[in-house]
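Chemist: A structural model of the following input is requested.
(6 chains)
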Number of protein chains: 4
Amino acid sequence: MRGQQARGSSRRAQIVSAAIEVIAADGFANATFSRIAKQAGLSSTSLISYHFAGKEDLLAACLTEIEAITNGFMQARIGAARGHVAQLRAYVESNVALVGEHPAAVRALIDLVKNAGSQSQAVNGRLALIEEHFRGGQDAGVFRHFDARMAAIALTSGVDAVVATAARATPEPAELARLGRDLSDLYVRAITPA
Amino acid sequence: MRGQQARGSSRRAQIVSAAIEVIAADGFANATFSRIAKQAGLSSTSLISYHFAGKEDLLAACLTEIEAITNGFMQARIGAARGHVAQLRAYVESNVALVGEHPAAVRALIDLVKNAGSQSQAVNGRLALIEEHFRGGQDAGVFRHFDARMAAIALTSGVDAVVATAARATPEPAELARLGRDLSDLYVRAITPA
Amino acid sequence: MRGQQARGSSRRAQIVSAAIEVIAADGFANATFSRIAKQAGLSSTSLISYHFAGKEDLLAACLTEIEAITNGFMQARIGAARGHVAQLRAYVESNVALVGEHPAAVRALIDLVKNAGSQSQAVNGRLALIEEHFRGGQDAGVFRHFDARMAAIALTSGVDAVVATAARATPEPAELARLGRDLSDLYVRAITPA
Amino acid sequence: MRGQQARGSSRRAQIVSAAIEVIAADGFANATFSRIAKQAGLSSTSLISYHFAGKEDLLAACLTEIEAITNGFMQARIGAARGHVAQLRAYVESNVALVGEHPAAVRALIDLVKNAGSQSQAVNGRLALIEEHFRGGQDAGVFRHFDARMAAIALTSGVDAVVATAARATPEPAELARLGRDLSDLYVRAITPA
DNA sequence: AATGAATGAGGGTTCATTCAT
DNA sequence: CATGAATGAACCCTCATTCAT
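Modeler: Numbering: from 1, shown residues only, chains lettered A, B, ... in the order given. Next up is the predicted model:
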């Protein structure tokens, strides 16, 4: 009766998936319950309200879902890398490469981050992780001493923006790879000692 | 009858100013005529419609106003700098410093850029300018050879994000100066040869 | 979410009915959602938007409903008549007689025809039917040779105007019958050979 | 201060003229003060309110002006005709011919009659005149005995409708002449004895 | 005589949400 | 679980009119 169902509900997953597609296609501002319901093949928006406590709840679920997708993709590559620099490269390059694998998820994520970013723990979590990575590298002496939080913000938003631009054009994998390499070059130079 | 007033109208300026404050405080999505009218001390939203052809028109006027403010502030500093590197530093540092002078304008600008960015020629103009600056530096041999467009995107969005974060906290001028220096260090290292 | 309901919805029918009464009473120009909602006993206009895709949709539904009413009444009488002249008489007389049965529908129809006439295929269909009838009579040699389209326009609008006047006064059935006879006399004389 | 100026004001005439053109071009429903002011080259709608007591007043003035135009054209032709039948022909044919001379006035008149018809004395006056003409012809024995008022309604509305259709197409003078002759044939046959 | 600014009512429409079934 | 109906607030916008100047 309340809305807010068990996490495992298949209906929930179906709605979240539809919402992500709508956000990716029509933008965050146009992602209404109406469009989402239609995309999901539901006859009524009330089903969404039934499964989610509110729009915020749905959006949070989208964010969670997207991050599960992206993390699954990126974590493997990052985990395989050895050393602070290599891991940072892996982060940037796998993030760019992700556009080729899950364009809708990437587009939706960027829109969600733009519009609901600072409230979201998930987004802030990603930020904190990178900040922590920077501090670790600094302690290990492989990164310069800069404002780690500031650099984390600059990096994540920069990567997001490049990825967003790329996501609009659906480029070739090879082109994406070059883009990712170029971009990680930029940041590695920025944070490592001369 | 109007719907499009002479540029110099004081009411227009008052409404634009109120709109900027609302966007800065409540976000682009919540910047409704109602809130703007209330902020401006107007008795009804129809006065806004009287002075502006529509919401788009008002938003465009806000963007114009903000850019006038920011350009007036930044152009002087950038123009005073000599050399590609110094000019880039001037851009980044003056942009960060701007937060201390016009926090509302900065916050609003960032929200407008996020939500109306790719349609706005003013925004795209800024991007093109930096891209051009990069190419010029590359031709002069003072910048490395990287994807100029990509780097321009990464830089502008990174600066915007750092600035946005700073704008939320209203920090001291000295702190802002340090932040600007740190950030421009980052980008200068990123784009200059080892 | 709907905006376009199944044809059989009782609410839809209720709203259409209310709209017809409002148009009949206040005129097409004053048939606002507010007045229609009040007439239908609804608490808000949004319910109308819920059941109809827009004002046009509602108006189209009204036209359809009215034509169903009028056709049901007139078709029987016209179909029972034999010969071109008798059918024309049946058309004119049954149209006038209709005022006694469904005054609101008649008044509303005339207002709708006046204001949305040339766009409506239903209205144009009626015109085309009569024009065709005229041509048939001319080919059969029972009608004179005149501009069939022009005469159809003159007849339908003339009948509409007489009917509209009659509808304003709610006259007795006998009086209506005489009016219908007189009017059909007029047109029969106009189109049959001396 | 009140609005409602002396009849002879040149501004008044200018506004009336603009209003007629707007009604003819955009239709009665879209004839707003805004559009009329623009058409008249005025900078503000308040000037209209200044010269006219209200919208009704302006519309009445339009009707008066149009009738002055049409009467000037038609009266000459009707007055030159001798006999009841010839005068009726002159009315119908000159009315149709008018389309070629003053298309805007005709289009506007028809729209005004449709939307403000039954309230207007001028319109009702025209009706009464024809009704009187019919009675005169009946007394003189040249017209049959029919419901004079009803026939007047049928005739005027029929002529208006044909004229309205013609006004939409701006046809050749010769075509208009034929149309007028055909139409007056129709009505003459309708009202004269077999 | 004329004007620009301002007003308030009302326009249709969209939206997330609630409720009874 | 699921649904269709209903709701009320809020949205942007247009209109004729008024007022001080």
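Chemist: please count neighbours and contacts with C-alpha atoms only from this point.
Modeler: OK.
Chemist: could you report the neighbour count for A:Glu93?
Modeler: A:Glu93 has 25 neighbouring residues, counting by other Cα atoms under 10 Å in any protein chain shown.
Chemist: and it, what element?
Modeler: Assigning secondary structure by DSSP states H and E places A:Glu93 in helix A:84-101.
Chemist: what helices or strands is that helix leaning on?
Modeler: helix A:55-80, helix A:121-139, helix A:148-169, helix A:173-191 (3 or more Cα pairs under 8 Å, 6 or more residues apart in numbering or on different chains; DSSP states H and E).
Chemist: I'd say A:Ala31 and A:Val22 touch.
Modeler: Yes. Between A:Ala31 and A:Val22 there is a contact at 5.9 Å, judged by Cα atoms under 8 Å.
Chemist: between these two, who's got more neighbours?
Modeler: A:Val22 (24 against 18).
Chemist: isn't the more buried one up against A:Arg35?
Modeler: Yes. Counting by Cα under 8 Å, A:Arg35 is a contact partner of A:Val22 at 7.1 Å.
Chemist: ranking the helices and strands packed on helix A:84-101 by burial, who's on top?
Modeler: helix A:148-169 (a mean of 22; mean count of other Cα atoms under 10 Å in any protein chain shown).
Chemist: what lies in contact with that helix?
Modeler: Residues from elsewhere that reach helix A:148-169 (Cα atoms under 8 Å, 6 or more residues apart in numbering or on different chains): A:92, A:95-96, A:99, A:103, A:106-107, A:110, A:127-128, A:130-132, A:134-135, A:176, A:183, A:187, B:150, B:153-159, B:161-162, B:179, B:183, B:186.
Chemist: hang on, the earlier thing: okay, the angle between the helix or strand following the helix holding A:Glu93 and helix A:55-80?
Modeler: Helices and strands here follow DSSP H and E; after helix A:84-101, the next one along the chain is helix A:103-116. Angle of helix A:103-116 versus helix A:55-80, following axes from the mean of the first three to the mean of the last three Cα atoms, to 10 degrees, is 120 degrees.
Chemist: and helix A:103-116, C-alpha only, in CSV?
Modeler: Extracted C-alpha coordinates of helix A:103-116, given in CSV (Å, rounded to 0.1, in the frame of the first residue of the first chain):
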residue,chain,number,x,y,z
PRO,A,103,25.4,4.7,-24.1
ALA,A,104,21.9,5.0,-22.5
ALA,A,105,23.2,4.4,-19.0
VAL,A,106,25.9,6.9,-19.5
ARG,A,107,23.7,9.6,-21.0
ALA,A,108,21.2,9.1,-18.2
LEU,A,109,23.9,9.2,-15.5
ILE,A,110,25.2,12.4,-16.7
ASP,A,111,21.8,14.0,-16.7
LEU,A,112,21.1,12.7,-13.3
VAL,A,113,24.4,13.9,-11.9
LYS,A,114,23.7,17.4,-13.4
ASN,A,115,20.3,17.7,-11.9
ALA,A,116,20.4,15.7,-8.7
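Chemist: could you dump the helices and strands packed on helix A:84-101 to TSV with mean pLDDT and distance to D:Val123?
Modeler: Below are the helices and strands packed on helix A:84-101 laid out as TSV (pLDDT from 0 to 100; distance: least, Cα to Cα, whole Å):
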stretch	mean pLDDT	distance to D:Val123
helix A:55-80	91	59
helix A:121-139	88	72
helix A:148-169	93	63
helix A:173-191	96	75
